[in-house]
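Peer 1: kindly return the folded structure for what I paste below:
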Amino acid sequence: MSPVAHSGYAESAFLRAGRGGRYRRDVPPCLELALTTLRLRPDLEDALRALPGVQAVSIVTTGDGTPTEVHVLAAPGKPAKQVVRDVQSLAMASFDLDIDHRIVSVVQIGEAAVPTPAASPDDPLGGEDAQAGRPVIASVSMLTAQQEATASVTIGVGDDRYDGTARGSSALSGRSRLVAVATIHALDELLGLPCEVESAQLVTAGAHEAALVVLSLTVPRVGQQLLSGSAVVRADPTDAIARAVLAALNRQLTT
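Peer 2: From the prediction side, this is the model:
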């Protein structure tokens, strides 16, 4: 049987007998992965590369050109959540595409001064806390490569910076947990106590989305303590997960 051309790949037709004497066609796993990983929006990639601070862009799409993953390499200096907003605004204004912020991954490489977070009603760990020497989220990034994702979180305390990373599956369902674990790793030196992530997820609260985390903290002579924290999602859900971890540990970090 002759090969069948599909999306630039030659796919051999494999037939296997199934139940009832019927036949179905099997596609080798390597070809199946190649056929489902498409990049059909070079026009959008080129437009996003023109955004200030954006160095590289890769967009994975479905067969009809709908983006399913947007990977952005950006210079430091601009908050990752602002890069996500820029991506969404350009896609909507120029291409009439409504991109879900949850499919946008931003990684920032290089050194840059981290601006002091501005205080806001739903961020008790920003603004004055940064000036008072309490821990604040300096940066959060998520880098995906094939089937693996790496979450990186930087905590700022005054002029000091503490970094944490976590690696795992690139599935969207597991990214919240990766960010929470990376945040805990960044806080290890400041916390000084064993801490594990019990759960980390995004939940719907009325018309809003919020990050909710549950942590297990082991305290000497006391045992296990369960702590919870939450934060409203503004633009970037990874940032909200990191803020929720800080909210859960606020008392331990400031006493």
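Peer 1: from here on, contacts and neighbour counts on C-alpha atoms
Peer 2: Noted.
Peer 1: residues touching stretch 49-66, excluding its own?
Peer 2: 36-41, 45-46, 48, 67-76, 78, 86 (CA atoms under 8 Å, 6 or more residues apart in numbering).
Peer 1: now do 6 Å
Peer 2: The contact list for stretch 49-66 (CA atoms under 6 Å, 6 or more residues apart in numbering) reads 38-40, 45, 67-75.
Peer 1: restricted to helices, list those residues.
Peer 2: residue 45 (DSSP state H).
Peer 1: just the buried ones from the contacts of stretch 49-66?
Peer 2: Among the contacts of stretch 49-66, those scoring as buried are 38-40, 45, 67-75 (criterion: 16 or more other CA atoms under 10 Å).
Peer 1: how about those in TSV, adding distance to residue 145 and pLDDT?
Peer 2: Shown next, in TSV, are the buried ones among the contacts of stretch 49-66 (distance: CA to CA, whole Å; pLDDT from 0 to 100):
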residue	distance to residue 145	pLDDT
38	15	81
39	15	81
40	18	84
45	17	90
67	16	92
68	14	89
69	11	87
70	12	89
71	9	86
72	12	85
73	12	82
74	16	81
75	19	79
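Peer 1: narrow those residues to those in strands?
Peer 2: Members of the buried ones among the contacts of stretch 49-66 lying in strands (criterion: DSSP state E): 67, 68, 69, 70, 71, 72, 73, 74.
Peer 1: just to revisit the earlier point, nearest to residue 105 among the buried ones among the contacts of stretch 49-66?
Peer 2: Residue 105 has its nearest neighbour among these in residue 71, at 4.9 Å by CA to CA.
Peer 1: how near is the closest one to residue 103?
Peer 2: Relative to residue 103, residue 71 is positioned 8 Å away (CA to CA, to the nearest Å).
Peer 1: looking at this protein, which helix or strand is least sure?
Peer 2: Across the helices and strands of the chain, mean confidence by mean pLDDT, DSSP states H and E is lowest for strand 9-11: a mean of 37.
Peer 1: please tell me how far the residue nearest the centre of the chain sits from residue 238.
Peer 2: For the chain, the residue nearest the mean C-alpha position is residue 142 (4.4 Å; CA atoms, centre = their mean). As judged by CA to CA, residue 142 and residue 238 stand 8 Å apart.
Peer 1: with residue 164 instead?
Peer 2: Taking CA to CA as the measure, residue 164 falls 14 Å from residue 238.
Peer 1: for these two, indicate the residue with more neighbours.
Peer 2: Neighbour totals were compared for residue 164 and residue 238, and residue 238 leads with 29 against 20 (other CA atoms under 10 Å).
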